[in-house]
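Visitor: 3D, please:
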Amino acid sequence: MSDRLQIESGLPIVRYQHPERAGDVALVGMVHWLPDPTPYDEAYQYIAARQDAGSTIHYELILSAEEDELEQVDRLTKLKYDALQRRERAARHIADLLELTHQTDHQGFRYHGNDNMDTRGWENHDLTALEIVQRLPSQCLTERARRMTEVLSLVRGLRPDQRKGLREFILEEGTLDDPVPDDPHAAVYEKVIVGDRNEVALQAVERALQDNADASFTLIWGLAHLPGIGIGLEKRGYNRVVDN
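Guide: Okay, here's the model as predicted:
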């Protein structure tokens with residue numbers, strides 16, 4: 001997607017239209033961590049307006065495993081799952097120390113709903129945490145957990161002015177990830193975390209279109225997923241819409 005993104009509600013929103021279908025697909029690109037959560041509230045207003053107009057809402061959310069699910073997997077899978085969870089906990093602690101808000105923690109944008117929003121009818125289409133760890137090498141997950149834990153220790157020891165500088169850097173980069181030097185698993189990690197999950201999103205749209213060929217969709221995904229999902233829609237006959 002080389003042309004510029006249409007900016008609505010403070011976050012990137014890209015629309016696609018199929019020449020043979022009445023419905024469109026809107027991709028809402030979420031920035032997962034923000035210093036000011038106002039764009040989350042504004043994004044919800046946009047999404048709610050589309051839902052009121054008949055759009056089906058699909059969103060990304062990697063669901064954690066239930067206890068009974070973990071009891072049914074082998075020891076290696078449990079260890080890989082624990083590494084994935086350690087990395088996520090460390091990332092959230094870093095965000096707290098840097099006074100950043102995650103979209104799923106903000107009162108104005110919780111997928112399970114609250115007094116400010118109604119998410120009834122929203123559908124989660126994503127890989128689960130167990131599906132992710134089963135597709136990734138053990139070393140890939142443990143190394144990322146270790147690196148994120150090291151970053152957390154570093155942030156805890158920073159002065160307020162140093163935290164401010166790191167906070168600005170993270171916001172500019174758009175991610176809390178600390179790249180692993182010479183990572184031999186970078187390609188497979190990118191394929192699973194971005195590519196495979198993009199395919200889940202696209203397949204969910206395809207299945208729904210079998211029931212209603214003119215359905216409209218609003219897909220809520222992180223910014224890194226927008227290019228791949230957009231390409232997937234174009235391969236399926238959709239065209240990019242540039243709104244005035």
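Visitor: all helices of the protein, in order?
Guide: 38-52, 67-70, 75-97, 129-135, 138-156, 160-173, 186-190, 197-211, 226-235 (DSSP state H).
Visitor: between those, which one is nearest to residue 120?
Guide: Closest approach to residue 120 among the helices of the chain is made by helix 38-52 (9.4 Å; CB to CB). For the C-beta atoms, the positions are set from N, CA and C on the backbone; glycine is no exception.
Visitor: name the helices or strands packed onto the closest one?
Guide: Helix 38-52 is packed against strand 11-17, strand 24-30, strand 56-59, strand 217-222, with contacts defined by 3 or more CB pairs under 8 Å, 6 or more residues apart in numbering; DSSP states H and E.
Visitor: residues touching residue 185, list them.
Guide: 136-137, 139-140, 143 (CB atoms under 8 Å, 6 or more residues apart in numbering).
Visitor: how far away is residue 64 from residue 220?
Guide: Counting by CB to CB, to the nearest Å, the separation of residue 64 from residue 220 is 19 Å.
Visitor: also residue 75?
Guide: On the measure of CB to CB, residue 75 and residue 220 end up 35 Å apart.
Visitor: for residue 237, same thing?
Guide: According to CB to CB, residue 237 and residue 220 sit 22 Å apart.
Visitor: neighbour-wise, which of the two wins?
Guide: The neighbour comparison of residue 237 against residue 220 (other CB atoms under 10 Å) goes to residue 220, with 25 against 12.
Visitor: doesn't residue 59 make contact with the more buried one?
Guide: Yes. In this structure residue 220 lies within contact range of residue 59 using CB atoms under 8 Å: 4.0 Å.
Visitor: by mean pLDDT, show me the worst of the helices of the chain.
Guide: Sorting the helices of the chain by mean pLDDT places helix 160-173 lowest, at a mean of 84.
Visitor: helices or strands up against that one?
Guide: Counting by 3+ CB pairs under 8 Å, 6+ apart, helix 160-173 packs on strand 33-34.
Visitor: which residues touch the strand it packs on?
Guide: With CB under 8 Å, 6+ apart, strand 33-34 has contacts from 40, 95, 100-103, 170-171, 176.
Visitor: for that strand, what is the distance to the chain centroid?
Guide: Taking CA atoms, centre = their mean, to the nearest Å, one finds the center of strand 33-34 at 12 Å from the center of the full chain.
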